[in-house]
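Enquirer: Dropping a prediction and its sequence here:
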Amino acid sequence: MQARHIDHVNLRIPEDGVGEAREFYGEKLGFGIEDALYAADEKPFFDVRLSATAVIHLWPTESFEAPSKTNYDHVAVVVEESVDEVAAELADAGVEVEKTLESPLGATGEAGAVYVRDPFGYRVELKARV
């Protein structure tokens, strides 16, 4: 098998967290929200569109368990902006930066990254393109 790329990641969120998810991922981080099928009750989750080839499925569920050090660390998203630009955009959006690293190693090589937490406790790494 020859893998090409990750298509999607599925994250459970609290059943009442849909509005917070839309605000954080859509408004604050600026990713696309695709929720027409979810709103029409045709599927139980909605998508955060990261790129033409990648999404995060957000699955509202009453059995949500907040992430902990034993069941989740982070999801990394490569962005076009520099670390400084990402940090400035986050500050403008009122998103607290958890930490910044100069050159963590990822699938595409070493590049700067900014780490934030979503409203549900998931860590999101926003990694500059190599």
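Expert: Nice, thanks for sending it over.
Enquirer: Buried residues in stretch 123-130, which are they?
Expert: Arg123, Val124, Glu125, Leu126, Lys127, Ala128 (16 or more other C-beta atoms under 10 Å). In short, each C-beta sits where N, CA and C put it, glycine included.
Enquirer: Now the biggest helix by length in the chain: average pLDDT?
Expert: The longest helix of the chain (DSSP state H) is helix 83-93. On average, the pLDDT along helix 83-93 is 95.
Enquirer: Paired strands for the worst-scoring helix or strand of the chain on mean pLDDT, with orientation please.
Expert: Lowest on mean pLDDT, DSSP states H and E among the helices and strands of the chain sits strand 105-106, with a mean of 89. Using DSSP bridges, strand 105-106 pairs in its sheet with strand 109-110 (antiparallel).
Enquirer: and for stretch 18-27, what are the contacting residues?
Expert: 13, 31-33, 35, 46, 48, 56, 58, 60, 93, 95, 118-120 (C-beta atoms under 8 Å, 6 or more residues apart in numbering).
Enquirer: Over to stretch 105-112?
Expert: Counting by C-beta under 8 Å, 6+ apart, 76, 78, 82-83, 100-104, 113, 127-130 sit against stretch 105-112.
Enquirer: I'm done for today, thanks for sticking with me.
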